[in-house]
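S.K.: what follows is a protein structure lacking sequence information:
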């Protein structure tokens, strides 16, 4: 018993001397003066927006990494107050890309959870979310697309080296089908549909594209196409493929420093490489709008958005600069790297910015928003700034309180 009391006293003396022997140096007056506080803007995102997508009914789905959930925004409102938050019950799931469905609703890829979340049309509560566990783990579902006619969803799984198919009306593992890629370690980074013909998949670690013909459900019928742009010091790492019509598929290389267009006509497969210029920076994402136009999003010192002209002059040879074949404009926004791009309803585009708690809605096609001016007019874009917590900082005692 004596030993226990001695141990307890030593513990108090070691950790709590200010409690047993009060001293002026350890005391502080109550923090009452309001003038000692100031509001600071902490340059760290509280939402961590990543993917964004639109379904056939115009509803917007926005994934938040740091809130671990999905925001649903109706087409008639562009304010934070109109957004409904759907919390994901799976912790640290890393919600990423959104695949909007033509009939309404969306699939959201949970990259670290090896799962896919289905958000039904009209879902405004976490209880109506449906979870699909992917067949393999680790899987890391990084990208996906939907066939507009059959409504079949295709998902690339980088760590599993496979493509998974979710037929329309399928919400479980039993009705899914998965296809292994021919090469191990291929790391499929993107997929796009060539209507009526099949799928094109970018293989990030193999510097190739894999073609999966329509109806192919086995590895043996997949064909791999090498990208003929050799580099001894740097891998190409293709990503973000999109089908742009006319037997053309566009994708990005070398971290977005090159935009490539692959032509797959009857005469064979050929490639064109458009080099990004230093003033423009790196392409972050490309997308195709309902008119078949290729939309480019790039970030350097400034943020650039615009359309790539697909004329024969631009697709004739290699080494052409991107600016010679694009109508790029500066979007004057501060902070954040673009992370998501999706077409809206009336010629506008939605964009998310990493490390910036805002969503951007901008126009490119309207007469007042086009023309020779290098910048997008202030009247041609708007931001949805999500409110952040305030931090009270006491300048004398260095005490912070977030609320």
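M.R.: Alright, I've got the coordinates. Here the structure is a predicted model, which means the values were calculated and not measured.

S.K.: I figured residue 263 was touching residue 245, is that so?
M.R.: No: assessed by Cβ atoms under 8 Å, residue 263 is found out of contact with residue 245, at 11.4 Å. Heads up, the C-betas are built off the backbone N, CA and C, glycines and all.

S.K.: need the contact list for residue 254.
M.R.: Neighbouring residues of residue 254 by Cβ atoms under 8 Å, 6 or more residues apart in numbering: 231, 234, 236-237.

S.K.: er, residue 84 actually
M.R.: Residue 84 sits in contact with 71-73, 124, where contact means Cβ under 8 Å, 6+ apart.

S.K.: so residue 163, which state does it fall into?
M.R.: Of the three states, residue 163 takes strand according to DSSP: H, G, I helix; E, B strand; the rest coil.

S.K.: distance check, it against residue 364.
M.R.: 32 Å (Cβ to Cβ, to the nearest Å).

S.K.: do the same with residue 259
M.R.: Taken as Cβ to Cβ, the span from residue 259 to residue 364 is 17 Å.

S.K.: which of those two has more neighbours?
M.R.: Between residue 259 and residue 364, residue 259 has the larger neighbour count (other Cβ atoms under 10 Å), namely 25 against 20.

S.K.: what's the pLDDT at that one?
M.R.: Note on residue 259: pLDDT of 92.

S.K.: do the same with residue 254
M.R.: Per-residue confidence (pLDDT) for residue 254: 94.

S.K.: and for residue 108?
M.R.: Looking at residue 108, its pLDDT reads 98.

S.K.: what's the ChimeraX line that selects buried ones from the contacts of residue 254?
M.R.: Buried residues among the contacts of residue 254 (16 or more other Cβ atoms under 10 Å), as a ChimeraX selection:
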select :236,237
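
S.K.: which of the contacts of residue 254 has the weakest pLDDT?
M.R.: For the contacts of residue 254, the pLDDT minimum is residue 231, 70.

S.K.: spit out the contact partners of it.
M.R.: residue 254.

S.K.: could you say which helix or strand holds it?
M.R.: Using DSSP states H and E, residue 231 falls within no helix or strand.

S.K.: what about the spatially closest residue to residue 332 that is not a sequence neighbour, neighbour count?
M.R.: With Cβ to Cβ, 6 or more residues apart in numbering as the criterion, residue 332 has its nearest non-adjacent residue at 5.9 Å, and that residue is residue 375. The number of residues packed near residue 375 is 11, by other Cβ under 10 Å.

S.K.: show me the contacts of residue 254 that map onto strands.
M.R.: With strands taken from DSSP state E, there is no overlap with the contacts of residue 254.

S.K.: which of the contacts of residue 254 sits closest to residue 147?
M.R.: residue 237 (26.1 Å; Cβ to Cβ).

S.K.: ok, that closest one touching residue 203?
M.R.: No: with contacts counted by Cβ under 8 Å, residue 237 stays clear of residue 203, the gap being 9.3 Å.

S.K.: shared neighbours of those two, anything?
M.R.: residue 189.

S.K.: picking that back up, what subset of the contacts of residue 84 is buried?
M.R.: The neighbour count (16+ other Cβ under 10 Å) marks 71-73 as buried among the contacts of residue 84.

S.K.: for residue 103, which non-adjacent residue is closest in space?
M.R.: Residue 103 sits nearest to residue 56 (Cβ to Cβ, 6+ apart), 5.7 Å away.

S.K.: next up, the contacts around that neighbour.
M.R.: Going by Cβ under 8 Å, 6+ apart, residue 56 touches 100-104.

S.K.: now for those: which two are most distant?
M.R.: Once Cβ to Cβ is applied, the contacts of residue 56 give 100 and 103 as the farthest pair, at 10.1 Å.

S.K.: taking the centroid of the chain, which residue is nearest it?
M.R.: Closest to where the C-alpha atoms of the chain average out (Cα atoms, centre = their mean) is residue 51, at 3.7 Å.

S.K.: shouldn't that one be in contact with residue 94?
M.R.: No: the criterion here is Cβ under 8 Å, and residue 51 misses it with residue 94 at 10.4 Å.
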